[in-house]
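In: Just a sequence and a predicted model for now, questions to come.
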Amino acid sequence: MKIIRKAIVIGLGNIAVRHRRNLKLLFPEIFIIALSSSGKIINQNIDYADQIVLNLNDLVLEGVDIVIIASPSSFHKLHAEIFLLDGIPTLIEKPVTSNSKDAYELIKINEKNHTPTAVGYCLRYMPSAIKMKELLDQKKIGNIYNAFVDIGQYLPDWRPSINHQDSVSSKLILGGGALLELSHEIDYLQWLLGPLKINYSQLRSSSELNLEVEELVDLVLISEIGTVCYVHMDFLQKKASRTCSFIGEKGRLDWDLINNRITLNSAEGSRVLFDDADWDPNQMYLSLLLDFFDLVAGRQNSSTSIEEATKTLELIEDIKNSAFQGIKQ
């Protein structure tokens, strides 16, 4: 693996700290420049940073090997285009941008510059996710008739150190809302089942959190071969839930993402096919980085491309454009 000697990580939030820590873990001698996307530092963790920069114009790009963009998604295009034009390999945290227009502009830049670029959909690197893809590709339960997805967690519990109403998740202008924040589910469904189209969508908010973005999402999506997917997302469940089930002609696969477990239910009974509840979640972020480094080096990799991530964004926009706006409860 090529040694990464100098990196820029944009953003000072939790995911930016994780990337800085992991870079130091992989390359102890690396020099990391942390850029504040807001132009200031307020109660933020600046560990694992060798230099803090508050203004994009003050960055010195000479000698930089990679860039990781972990700013709010509404800033991704502004931040990414600079490095793509300069040919610096760039990893963009999900979602790729907050709208497809910005994403297409990044794609156009890359069509000319061919800068190694990936989008950080880390759930693809979960051990159980890799196993689930293997099972579906092997037709373990035959043709897939339905998928049921449930993802929910109480937003005030996500980042206890800040007021949830001040978080990126709650701000429309920063790309917040359940659909963009929880777009992992849309991404992995299309990764596992192929392209999806919207059949029905309802977006709601609650008086409990009183946010300007959608807090509850209910969807019916359909794959090209007719698999019907029911998806529920929310910011309100007091006990975190993250599950996905696939019903097929030979049985049902139940995937518990929190406990990293897959269970097969069939006419023969119930059998656990994968179980690793003690796994270290940070491993998927390390795997994401290592896969990105393979992309940079021109080796075989499974990194999520800008084009793939843009398809997820397009589906989210279709969902929003066709959605029935539910009554606030």
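Out: Perfect, thanks for sending it.
In: what's the lengthiest helix in the chain in contact with?
Out: The longest helix of the chain (DSSP state H) is helix 306-322. For helix 306-322, the surrounding residues in contact (C-beta atoms under 8 Å, 6 or more residues apart in numbering) are 92, 94-97, 99-100, 103-104, 106-107, 110, 117, 119, 121, 179-180, 183, 186-187, 190, 195-198, 201, 203, 217, 219, 221. All C-beta atoms are positioned from the backbone trio N, CA, C, and that covers glycine.
In: Drop the exposed ones from those and show what's left.
Out: With neighbours counted by 16 or more other C-beta atoms under 10 Å, the contacts of helix 306-322 contain buried members at 92, 94-97, 99-100, 103-104, 106-107, 110, 117, 119, 121, 179-180, 183, 186-187, 190, 196, 198, 201, 203, 217, 219, 221.
In: Run the chain-centre distance for stretch 240-260.
Out: Its chain's average C-alpha position is 19 Å from that of stretch 240-260, according to C-alpha atoms, centre = their mean, to the nearest Å.
In: Now do the end-to-end distance for it.
Out: With C-alpha to C-alpha, to the nearest Å as the measure, the first residue of stretch 240-260 is 14 Å from its last.
In: for the record, mean pLDDT for that stretch?
Out: When pLDDT is averaged over stretch 240-260, the result is 98.
In: Show me which residues of that stretch are buried.
Out: 242-248, 251-257, 260.
In: same thing with stretch 310-329?
Out: Buried, per 16+ other C-beta under 10 Å, within stretch 310-329: 310-313, 315-316, 318-320, 323.
In: just stretch 168-188 next, same as before
Out: With the criterion 16+ other C-beta under 10 Å, stretch 168-188 contains buried residues 168-171, 174-188.
In: Dump the C-alpha coordinates for that stretch into PDB.
Out: Extracted in PDB, the C-alpha atoms of stretch 168-188 (Å, rounded to 0.1, in the frame of the first residue of the first chain):
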ATOM      1  CA  VAL A 168     -26.800  19.200  10.400                       C
ATOM      2  CA  SER A 169     -29.600  16.600  10.500                       C
ATOM      3  CA  SER A 170     -32.200  19.200  11.300                       C
ATOM      4  CA  LYS A 171     -31.200  21.900   8.900                       C
ATOM      5  CA  LEU A 172     -32.700  22.000   5.400                       C
ATOM      6  CA  ILE A 173     -30.000  24.400   4.200                       C
ATOM      7  CA  LEU A 174     -27.300  22.000   5.300                       C
ATOM      8  CA  GLY A 175     -28.900  18.900   3.600                       C
ATOM      9  CA  GLY A 176     -30.700  17.500   6.700                       C
ATOM     10  CA  GLY A 177     -33.800  15.400   6.900                       C
ATOM     11  CA  ALA A 178     -34.300  11.700   7.300                       C
ATOM     12  CA  LEU A 179     -34.000  10.900   3.500                       C
ATOM     13  CA  LEU A 180     -30.500  12.400   3.100                       C
ATOM     14  CA  GLU A 181     -29.200  11.500   6.600                       C
ATOM     15  CA  LEU A 182     -30.400   7.900   6.300                       C
ATOM     16  CA  SER A 183     -29.600   7.500   2.600                       C
ATOM     17  CA  HIS A 184     -27.500   4.400   3.400                       C
ATOM     18  CA  GLU A 185     -30.700   2.400   3.200                       C
ATOM     19  CA  ILE A 186     -31.500   3.700  -0.300                       C
ATOM     20  CA  ASP A 187     -27.900   3.000  -1.300                       C
ATOM     21  CA  TYR A 188     -27.700  -0.500  -0.100                       C
END
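In: what separates that stretch from the chain centre, distance-wise?
Out: From the chain centre to the centre of stretch 168-188 is a distance of 9 Å (C-alpha atoms, centre = their mean).
In: again with stretch 36-47
Out: Per C-alpha atoms, centre = their mean, the centroid offset for stretch 36-47 relative to its chain is 22 Å.
In: contacts for that stretch?
Out: Applying C-beta under 8 Å, 6+ apart, the external contacts of stretch 36-47 come out as 10-14, 17, 20-21, 34, 52-55, 71-72, 75, 79, 161-162.
In: switch the cut-off to 7 Å
Out: Stretch 36-47 is contacted by residues 10-12, 17, 34, 52, 54-55, 71-72, 75 when judged by C-beta atoms under 7 Å, 6 or more residues apart in numbering.
In: packing partners for the following helix or strand past the longest helix of the chain?
Out: Using DSSP states H and E, the helix or strand that follows helix 306-322 in sequence is strand 324-325. Counting contacts by 3 or more C-beta pairs under 7 Å, 6 or more residues apart in numbering; DSSP states H and E, strand 324-325 packs against strand 196-204.
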